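**Q** show me the folded form of this:
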Amino acid sequence: MTTVSSTDHGVQQWSGQTALVTGASSGIGAAIVSRLLAEGMRVVACARRRDRVTEVLAASDPLGEQSLAVRCDVRDEESVQAAFAAARERFGGVDVLINNAGLGHAALLAEGTVAEWQEMLEVNVLGLCICTREALADMRARGGRGQIIHIGSMAGQRVPAGAGLYAATKHAVRALTESLRMELREASDPIRVGEICPGFVETGFAAHYMKSEDQAQEIYSRFKVLEAADVAEAVVYMLSCPPHVQVHDILMRPTEQPT
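**A** All right, here's what the predicted structure looks like:
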């Protein structure tokens with residue numbers, strides 16, 4: 001693994017190293033994949049829809065020399081382990097993990113369904129934990145530093161009305177970020193962890209969350225919301241910091257978002 005001196009900074013310090021990105025088939029995940037490839041990183045792009053991931057990669061790495069599309073369901077431990085095994089086989093292992101996979105269902109707690117609650121917990125919390133565990137083992141086995149970035153939500157910083165269990169899962173991500181930071185410091189481990197919490201972003205999330213494309217478009221029409229590329233830019237910023245700097249939280253909203 002490449003050794004990086006403490007004086008190095010900028011995203012170029014990760015050039016030629018490997019990032020694994022979950023939820024990479026569309027939206028924020030796809031934007032992160034494209035941006036990291038443009039910055040000279042190798043990318044293992046994971047999602048349940050491998051065909052969609054392949055399309056994303058084809059636009060940025062048409063020859064497939066710097067990227068790998070992997071079908072991965074973060075709810076399935078064996079599926080996650082297989083994705084990391086594929087990363088090791090192709091690129092020698094993972095240096096950066098972007099825990100982007102996530103979803104939500106809008107429902108009052110008095111009206112929510114167990115199936116939807118379980119899906120949010122399994123993807124947003126347990127899936128993130130499984131991926132984090134596997135990434136830590138990979139990074140430590142390679143004997144170097146690494147970076148783990150959770151894509152959280154502003155719903156993890158306060159509780160929006162009607163958010164039900166979704167906000168609870170994003171508060172869990174916030175707690176897991178700090179728990180891991182303390183674990184790493186206790187172990188004197190150079191691996192860094194941080195969380196990026198966006199507000200409204202124009203992706204397919206809102207339509208799925210509210211089960212209505214019309215309601216999603218109504219929200220997006222109120223003011224200029226964030227774009228997926230804006231979140232990818234925040235990822236690059238976090239990666240660009242020198243090894244002695246850990247950016248723990250990035251909170252980002254559209255300028256006009258009131259809450």
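**Q** from now on I want contacts and neighbour counts done on CA atoms only, so please keep to that.
**A** Fine.
**Q** so what pLDDT did the residue of the chain most remote from its centre get?
**A** Here the centre of the chain is the reference, and by CA atoms, centre = their mean the most remote residue is residue 110, at 29.9 Å. With respect to pLDDT, residue 110 scores 92.
**Q** model confidence for the spatially most central residue of the chain, exactly?
**A** Centroid-nearest residue in the chain: residue 100, 2.3 Å away (criterion: CA atoms, centre = their mean). For residue 100, the model assigns a pLDDT of 97.
**Q** got a list of what it touches?
**A** By CA atoms under 8 Å, 6 or more residues apart in numbering, residue 100 lies in contact with 21-24, 28-29, 150-152.
**Q** show me where the stretch 51-200 of the chain has helices.
**A** Taking DSSP state H, counting those that start in this stretch as the test, the helices found in the stretch 51-200 of the chain are 77-91, 114-120, 128-141, 165-186.
**Q** could the ones you listed be laid out in CSV, adding mean neighbour count, distance to residue 229 and mean pLDDT?
**A** Compiled in CSV, the helices of the stretch 51-200 of the chain are given as follows (neighbours: other CA atoms under 10 Å; distance: least, CA to CA, whole Å; pLDDT from 0 to 100):
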stretch, mean neighbour count, distance to residue 229, mean pLDDT
helix 77-91, 18, 25, 97
helix 114-120, 15, 24, 96
helix 128-141, 18, 22, 96
helix 165-186, 18, 21, 97
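**Q** CSV for these, including distance to residue 45?
**A** Shown next, in CSV, are the helices of the stretch 51-200 of the chain (distance: least, CA to CA, whole Å):
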stretch, distance to residue 45
helix 77-91, 9
helix 114-120, 21
helix 128-141, 13
helix 165-186, 21
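**Q** on the three-state scheme, residue 255 is what?
**A** The local conformation at residue 255, judged by DSSP: H, G, I helix; E, B strand; the rest coil, is coil.
**Q** count the residues that sit near it.
**A** Around residue 255 sit 11 other residues, with neighbours defined as other CA atoms under 10 Å.
**Q** also residue 210?
**A** Close neighbours of residue 210, defined as other CA under 10 Å, add up to 15.
**Q** do the same with residue 25
**A** 27.
**Q** leaving out chain neighbours, which residue sits closest to it?
**A** Nearest non-adjacent residue to residue 25, counting by CA to CA, 6 or more residues apart in numbering: residue 53, 4.5 Å away.
**Q** what is the burial count for the one you found?
**A** Neighbourhood size, residue 53 [other CA under 10 Å]: 25.
**Q** gap between it and residue 236?
**A** Distance of residue 53 to residue 236, computed by CA to CA, to the nearest Å: 20 Å.
**Q** same check on residue 112?
**A** Using CA to CA, we find residue 112 at a distance of 37 Å from residue 236.
**Q** of the two, which one has the most company?
**A** residue 236 (17 against 14).
**Q** contacting residues around the nearest residue to that one once chain neighbours are set aside?
**A** In this structure, residue 236 finds its nearest non-sequential neighbour in residue 11, 6.4 Å apart by CA to CA, 6+ apart. For residue 11, the contacting residues are 39, 236-237, 239-241, by CA under 8 Å, 6+ apart.
**Q** got it, and residue 235?
**A** Counting by CA under 8 Å, 6+ apart, residue 235 touches 32, 149, 196.
**Q** same deal with residue 181?
**A** Contacts for residue 181 (CA under 8 Å, 6+ apart) come out as 192-193.
**Q** picking that back up, need the contacts of residue 235 in a markdown table (columns: distance to residue 123).
**A** Output for the contacts of residue 235, formatted as a markdown table (distance: CA to CA, whole Å):
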| residue | distance to residue 123 |
| --- | --- |
| 32 | 19 |
| 149 | 16 |
| 196 | 17 |
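**Q** wait, residue 12 touches residue 40, no?
**A** Yes. Counting by CA atoms under 8 Å, residue 40 is a contact partner of residue 12 at 7.4 Å.
**Q** list the buried residues of the helix or strand of the chain with the lowest mean pLDDT.
**A** Taking mean pLDDT, DSSP states H and E as the measure, the chain has helix 205-210 as its least confident helix or strand, at a mean of 83. Buried residues in helix 205-210, defined by neighbour count with 16 or more other CA atoms under 10 Å: 205-207, 209.
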